[in-house]
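# Sequence first, then the predicted structure, then my questions.
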Amino acid sequence: MVTLRVSYLIGLLAGISLGTLVSAAVIEVTSTEHFNELKPKGAVVAKFYATWCGPCKKLSPLYKDLAGKGGFGDVTFLAIDIDKHNEIATKHGVKGVPTTIFFAEGREVDRMVGGQDDFVSEASKVINNKMKSGGKVTKEAAKEPAKKTTPAKKKTAPAKQKKVAPKKTTCATCPK
């Protein structure tokens, strides 16, 4: 009986420490100050989510997979709950969740909105092409303006209205 309890406790402790190691790749932001501390340091990927959001729940394991990739050891992965930290989301123009913003040296270089099935491959491309060069964060990427990777809605020009001359009215008493 004692042996069973000890082995249960050892297993429980091992599970807790293993869980900490696995989830350590994604840092949960605890405050605005915490976010401001982490954002300007090199390459940072920030996922804005809500606990009630279905697509956010679908994206969560994909985001953890991306963070756990071996080639991204120098990239910091953050998770920001918009309900707890609405001021951070508002400051960065997050209008829908999930939104993933890619930062290089503190400046936004790209963003992805929604929970795409190909999230890991698309995010990997952004990290490799826009944030890193030869394994290091590019300062040039931080200087370029951010480009959204989500397809933009096509804007249609308003329909041209024909100018119609006013109709001349005639009356029976007017000279022709």
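Structure's in. What do you need? Residues are numbered from 1 along each chain as shown.
# C-alpha from now on. contacts and neighbour counts both.
Fine.
# so where's the chain uncertain?
Filtered on pLDDT under 70, the chain yields the residue ranges 1-24, 133-176.
# can you give me the helices for it?
Ranges of helices in the chain, per DSSP state H, are 2-23, 32-38, 54-68, 86-91, 119-126, 139-143.
# If we go by neighbour counts, what in stretch 120-131 is buried?
Buried positions in stretch 120-131, judged by neighbour count with 16 or more other CA atoms under 10 Å: 120, 123-124, 126-128, 130-131.
# Distance of Tyr63 relative to Glu87?
Distance from Tyr63 to Glu87, counting by CA to CA, to the nearest Å: 23 Å.
# neighbour count winner among the two?
With neighbours defined as other CA atoms under 10 Å, Tyr63 and Glu87 compare such that Tyr63 has more, 24 against 13.
# Not counting residues beside it along the chain, what's closest to the more buried one?
Closest residue to Tyr63 apart from its sequence neighbours, by CA to CA, 6 or more residues apart in numbering: Val120 at 7.1 Å.
# Was I right to think the one you found contacts Leu66?
Yes - using CA atoms under 8 Å, Val120 makes contact with Leu66 at a distance of 5.7 Å.
# how close does the closest residue to Ala25 other than its chain neighbours sit to Ser60?
For Ala25, ignoring the flanking residues on the chain, the nearest one in space by CA to CA, 6+ apart is Ala67 at 5.6 Å. According to CA to CA, Ala67 and Ser60 sit 11 Å apart.
# Which residue of the two possesses the greater neighbour count?
In terms of neighbours (other CA under 10 Å), Ala67 is the more surrounded of Ala67 and Ser60; the figures are 25 against 16.
# give me every residue that touches that one.
Going by CA atoms under 8 Å, 6 or more residues apart in numbering, Ala67 touches 25-26, 77.
# By neighbours, which of the residues you listed wins?
Going by other CA under 10 Å, Phe77 tops these with 26 neighbours.
# measure that residue to Ile127 for me?
Taken as CA to CA, the span from Phe77 to Ile127 is 11 Å.
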